[in-house]
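> Okay, here's the prediction I keep looking at, along with the sequence it came from:
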Number of protein chains: 2
Amino acid sequence: MALIVQKFGGSSVADAEKIHLAARRAIAAKEKGNQVCVVVSAMGDTTDHLIEVARKVCENPPKREMDQLLATGEQVTIALMAMAIHAQGHEAISFTGGQIGLVTDNSFSKARIQSINQKRIFDQLSAGKIVIIAGFQGVTAEGDYTTLGRGGSNATLVAIGAVLKADVCENYTDVDGIFTADPRIVKNARKIDRISYDEMLELAGLGASVLQTRAVEFAKKYNVPIHVRNSQNETEGTWIVAETPKMEHIVVSGAALKKELVRVTVKHVPDHPGVAAKIFGDIAAANIVVDDIIQNVMDDNTANISFTVEHGDLHEIKPVVDRLVKELGGKTAAIYQDGLAKVSAVGVGMKVHTGVAQRMFKALADGKINIQNITTSEIKISCIISKEDANRALQIVHDAFNLGAGK
Amino acid sequence: MALIVQKFGGSSVADAEKIHLAARRAIAAKEKGNQVCVVVSAMGDTTDHLIEVARKVCENPPKREMDQLLATGEQVTIALMAMAIHAQGHEAISFTGGQIGLVTDNSFSKARIQSINQKRIFDQLSAGKIVIIAGFQGVTAEGDYTTLGRGGSNATLVAIGAVLKADVCENYTDVDGIFTADPRIVKNARKIDRISYDEMLELAGLGASVLQTRAVEFAKKYNVPIHVRNSQNETEGTWIVAETPKMEHIVVSGAALKKELVRVTVKHVPDHPGVAAKIFGDIAAANIVVDDIIQNVMDDNTANISFTVEHGDLHEIKPVVDRLVKELGGKTAAIYQDGLAKVSAVGVGMKVHTGVAQRMFKALADGKINIQNITTSEIKISCIISKEDANRALQIVHDAFNLGAGK
């Protein structure tokens, strides 16, 4: 007997019929002799709808009240899911985050899970029930509702999997799994059967949208296997698991693309200690995520610091950087270069194989694609390129490592 | 400084605009120097809509899950109400039933309040905030959501008023207060300024729908004045208060009408101890409310027992009574008389004034209305009549006691 935690996202529980389909899947797993927990999101676009209603009432709603409001979305789904299982002749019980003691910090709208009281879950599993849990939400120590931010239901899935020491977390989505590249762009993209936590972390950070970084980090920390699969069929999906020596045979596991980037370059920054910290501290205080940081020291003893932000954040970062430039004075100036993209190759095999970067640069050069910046980590290589070349570059990188051909 | 608890029903918080109107009322009370608590219902027909969705998923949903579902309705309203107050520049904080420790028994769908932890409310009131509380809901000792049944938000209003020792509970509705009779039927019906708990209890039981019996019982027990008033204007409404000697000068305070009644008569019931208890025990077990019980002993040493039920309960009570008749055997038989109504006069003055019943009977006789049954209590007289005469009878009783003329 295994313990399985399943998670169904908003599109998989969008209406009564889909809730019944998800319920059937949970029951099927139960009937195979497993203990089954189900984590659900709010139905369809419920969360967006609630946000819209809130904005009608208040332009800038207090975050605590926003979470109080949004938490109702998942509460509706858990109740309906338990009813659907009941209607199909099986026993289920639903729990909000608070009802299983899923306690978070006080960061409303982006709270972090601190603890879960697994006793109530185990009691119900032992009684033979399917346990339905509201994703995306928790409570503070004082009992205030919190929400876990983007991808929060996946965080709940993995956290529940971790505390229950589940055999697998099944993440049901509307795609067959994780692909070697976005199949909407790269026609010969192939579903990946197994991928390591670290590779998935890189891919998630680089634009693969199925799983968020946080959920994968959690799964890695507690070594919970995640099985990403399609709620519409029975196909085996992608297993996200701990790295095995065998994985190193595959040099590159996947390619990723992030479009709509802006590169911000701050030129002639006085090259003395604390300046970079000041720059990125101010940006972080404004809650803007930056990536691909590069610093070059110039001849005149100043530095050029460049980094990328998403295009959507440009209007927020510009005033921050312009103010910084003013403060730093002298020859310091900021340049904003819009219309960029980032193509990346990811694979644990890079740790032991050489020549990977060269192969990627050569392929892009052969395709007449100009590389504007390069950043690397132990298991990924990213190139900043023009947005116009983005889709073609992804296909080129995908082909360069022969990702469409399988193992 | 007074402590005021206000309650806004579903129609008073049906959309963003109405929520803002209600918020303004709470703020107005606050600005007059009062401490203000607000109890709200689910928006408009939200509860009905949620029930409909549930029925689509499961024909006979588990009651625990139904309450888990329905509790979201009020949670949405409290968050939006707090946001609306915030948008108008004041501070508010919202609480679900669970968040203020409103603990009930385990009777899902018709739970009874057992305790409320007033500390969290007082802390926030002391901090100068308007406190918004979800009506209609509580939690069990285990933390499961419960709902309080029909009129549950009024029960919350009065319970909160009681534990906070509020100076007044303001019940905002879409009418100006309690009337001497239903103004849709009796054109010269007059708003009552003050009425005793006992009179209100009788009127509520007899068909006046603004306040439910349970809420009034609670208010009486803890001596909390209720002010029923219109959320659309500033008119003084009706105060429901403890009886004062002065009230006895008014013989009859109001007239009420209940339509669509069925009289069930069980004839030739063996006249020995325990039979009536058996009959009403079986009916109560089937959860059917009966009223106007009359028993006559006949010449043949058997009894006729009659009582009324609402027409909607006929299909439920018939099998119960038919089975009882079969069990009792002999000459026992059941007669179901449909198409009845009940007109009543209520007033604490009846305790000290004589001739009230006679005046009512004479007025109905003058109006050629046949009285089929009479039941009385210390402060009310009810007559069962034909449904066809119902509206006319209400007007006749109203006129007989000169209720339209005022004090």
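Cool, the structure landed.

> Quick one: distance of stretch A:130-150 to the chain centre.
18 Å (CA atoms, centre = their mean, to the nearest Å).

> export that stretch as PDB, just CAs?
Provided in PDB are the C-alpha atoms of stretch A:130-150 (Å, rounded to 0.1, in the frame of the first residue of the first chain):
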ATOM      1  CA  ILE A 130     -10.000  10.100   0.700                       C
ATOM      2  CA  VAL A 131      -8.700  13.400   2.300                       C
ATOM      3  CA  ILE A 132      -9.300  16.500   0.300                       C
ATOM      4  CA  ILE A 133      -7.100  19.500   1.100                       C
ATOM      5  CA  ALA A 134      -7.400  23.100   0.000                       C
ATOM      6  CA  GLY A 135      -4.200  24.200  -1.900                       C
ATOM      7  CA  PHE A 136      -2.700  27.700  -1.900                       C
ATOM      8  CA  GLN A 137      -3.800  28.600   1.600                       C
ATOM      9  CA  GLY A 138      -2.800  28.400   5.200                       C
ATOM     10  CA  VAL A 139      -3.400  30.300   8.500                       C
ATOM     11  CA  THR A 140      -1.100  32.300  10.700                       C
ATOM     12  CA  ALA A 141      -0.500  31.300  14.300                       C
ATOM     13  CA  GLU A 142      -3.400  33.700  15.200                       C
ATOM     14  CA  GLY A 143      -5.700  31.900  12.700                       C
ATOM     15  CA  ASP A 144      -5.800  34.500  10.000                       C
ATOM     16  CA  TYR A 145      -6.000  33.100   6.400                       C
ATOM     17  CA  THR A 146      -2.900  33.500   4.300                       C
ATOM     18  CA  THR A 147      -2.300  32.500   0.600                       C
ATOM     19  CA  LEU A 148       0.900  31.100  -0.700                       C
ATOM     20  CA  GLY A 149       1.400  33.200  -3.900                       C
ATOM     21  CA  ARG A 150       1.800  32.100  -7.500                       C
END
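
> Show me what counts as buried in it.
Within stretch A:130-150, the residues scored as buried using 16 or more other CB atoms under 10 Å in any protein chain shown are A:130-140, A:143-149. (Each C-beta comes from the backbone N, C-alpha and C, glycine too.)

> Looking at the residue lying closest to residue A:240 once chain neighbours are set aside now. What's its pLDDT?
In space, residue A:240 comes closest to residue A:226 once its chain neighbours are excluded; the distance is 4.2 Å by CB to CB, 6 or more residues apart in numbering or on different chains. In this model, residue A:226 is scored at 96, pLDDT.

> Centroid-wise, who is the farthest residue in chain A?
Within chain A, the residue lying farthest from the chain centre (CA atoms, centre = their mean) is residue A:300, at 41.4 Å.

> Who are the contact partners of that residue?
Neighbour list for residue A:300: A:268, A:331 [criterion: CB atoms under 8 Å, 6 or more residues apart in numbering or on different chains].

> That one and residue A:269, how far apart?
Relative to residue A:269, residue A:300 is positioned 11 Å away (CB to CB, to the nearest Å).

> same thing with residue A:260?
Taking CB to CB, one finds residue A:260 at 26 Å from residue A:269.

> how close does residue A:401 get to chain B?
47 Å (CB to the nearest CB, to the nearest Å).

> Pull up the per-residue confidence for whatever residue of the stretch 101-250 of chain A ends up closest to chain B.
Going by CB to the nearest CB, chain B is nearest to residue A:143 of the stretch 101-250 of chain A, at 5.2 Å. Listed pLDDT for residue A:143 reads 96.

> quick one: it is in a strand?
No - Residue A:143 is assigned coil when assessed by DSSP: H, G, I helix; E, B strand; the rest coil, not a strand.

> In strands, which of the buried residues of stretch A:130-150 fall?
The strands, defined by DSSP state E, take in A:130, A:131, A:132, A:133, A:134, A:137, A:138, A:139, A:145, A:146, A:147 from the buried residues of stretch A:130-150.

> got the contact list for the fifth one?
If you count contacts by CB under 8 Å, 6+ apart, residue A:134 has them with A:39, A:40, A:71, A:74, A:75, A:77, A:78, A:94, A:95, A:96, A:97, A:156.

> ok, and which of these reach chain B?
A:71, A:75, A:78, A:94, A:96 (CB under 8 Å from any CB of the partner chain).

> pLDDT weak spots in chain A?
Within chain A, the ranges that satisfy pLDDT under 70 run A:207-209, A:406-407.

> what ranges do the helices span in it?
A:16-31, A:46-57, A:63-87, A:118-126, A:152-163, A:197-205, A:213-222, A:275-285, A:314-328, A:356-366, A:390-400 (DSSP state H).

> Now mean neighbour count and distance to residue B:402 too, for those, in a markdown table please.
A markdown table is the format used below for the helices of chain A (neighbours: other CB atoms under 10 Å in any protein chain shown; distance: least, CB to CB, whole Å):
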| stretch | mean neighbour count | distance to residue B:402 |
| --- | --- | --- |
| helix A:16-31 | 19 | 56 |
| helix A:46-57 | 17 | 48 |
| helix A:63-87 | 27 | 51 |
| helix A:118-126 | 16 | 62 |
| helix A:152-163 | 27 | 65 |
| helix A:197-205 | 24 | 79 |
| helix A:213-222 | 20 | 74 |
| helix A:275-285 | 15 | 74 |
| helix A:314-328 | 15 | 72 |
| helix A:356-366 | 16 | 97 |
| helix A:390-400 | 22 | 86 |
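
> isn't residue A:51 right next to residue A:70, touching?
Yes - applying CB atoms under 8 Å as the test, residue A:51 and residue A:70 come out as touching, 7.4 Å apart.

> Pick out the residue of the stretch 301-407 of chain A closest to chain B.
Counting by CB to the nearest CB, the stretch 301-407 of chain A gets nearest chain B through residue A:316, at 23.3 Å.

> Now that residue: closest residue in space, sequence neighbours ignored.
residue A:288 (5.7 Å).

> where does that neighbour sit relative to residue B:274, distance-wise?
80 Å.
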